[in-house]
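**Q** sharing a model that was predicted from the sequence below.
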Amino acid sequence: MVGVKKTMTLNLSEEEMNSLDQLALRNDISKTAVIRKAIQIYLILEKRMQRGEHIFVEDELHQIKVELLLV
């Protein structure tokens with residue numbers, strides 16, 4: 001659902017801003033697009049966790065599996 005767009009000021013640490021810059025550069029998208037994607041991913045994860053589902057990240061090479069928690 002796209003409505004009227006609003007502007008906001010965002011205060012980030014230097015490290016956070018560098019990370020945002022790198023994500024935008026690597027994916028050839030704007031910083032705004034990175035933030036929008038992050039919000040979409042967060043909402044999906046939050047909805048699934050509210051339903052009682054568990055989200056895992058798995059490293060098959062090293063046989064490591066960890067559960068993702070949103071705090």
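**A** Arrived safely. Numbers count the residues shown, from 1 in each chain.
**Q** longest single helix anywhere in the protein?
**A** When the chain is scanned for its longest helix (criterion: DSSP state H), the result is helix 31-50.
**Q** distance from that helix to the middle of the chain?
**A** Its chain's average C-alpha position is 5 Å from that of helix 31-50, according to C-alpha atoms, centre = their mean, to the nearest Å.
**Q** neighbouring contacts of the next helix-or-strand element following that helix?
**A** Per DSSP states H and E, the first helix or strand lying C-terminal to helix 31-50 is strand 55-59. Contact partners of strand 55-59, identified using C-beta atoms under 8 Å, 6 or more residues apart in numbering, comprise L45, R48, M49, I64, K65, V66, E67, L68. Where C-beta positions appear, they are placed from N, C-alpha and C, glycine not excepted.
**Q** which elements pack onto the following helix or strand past strand 55-59?
**A** Scanning forward in sequence from strand 55-59, with DSSP H and E defining helices and strands, the next element found is strand 64-68. Other helices and strands packing on strand 64-68, by 3 or more C-beta pairs under 8 Å, 6 or more residues apart in numbering; DSSP states H and E, are strand 55-59.
**Q** and the strand it packs on, which strands flank it?
**A** For strand 55-59, the pairing partners within the sheet under DSSP bridges are strand 64-68 (antiparallel).
**Q** next one: the partner strand to chain centre, how far?
**A** Shown here is strand 64-68, whose average C-alpha point lies 17 Å from the average C-alpha point of the whole chain (C-alpha atoms, centre = their mean).
**Q** how about stretch 5-18?
**A** For stretch 5-18, the separation from the chain centroid amounts to 14 Å (computed by C-alpha atoms, centre = their mean).
**Q** can you list contacts of that stretch?
**A** L20, I35.
**Q** send me it as CSV with only the CA atoms.
**A** Coordinates of the C-alpha atoms in stretch 5-18 are reproduced here as CSV (Å, rounded to 0.1, in the frame of the first residue of the first chain):
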residue,chain,number,x,y,z
LYS,A,5,5.2,9.8,1.1
LYS,A,6,6.6,11.7,4.1
THR,A,7,10.1,12.9,4.9
MET,A,8,12.0,12.2,8.1
THR,A,9,15.4,12.9,9.6
LEU,A,10,17.4,9.9,10.6
ASN,A,11,20.3,10.0,13.0
LEU,A,12,22.8,7.2,12.4
SER,A,13,26.2,6.6,13.9
GLU,A,14,29.2,6.7,11.5
GLU,A,15,29.3,2.9,11.4
GLU,A,16,25.6,2.6,10.7
MET,A,17,25.8,5.2,7.9
ASN,A,18,28.8,3.4,6.4
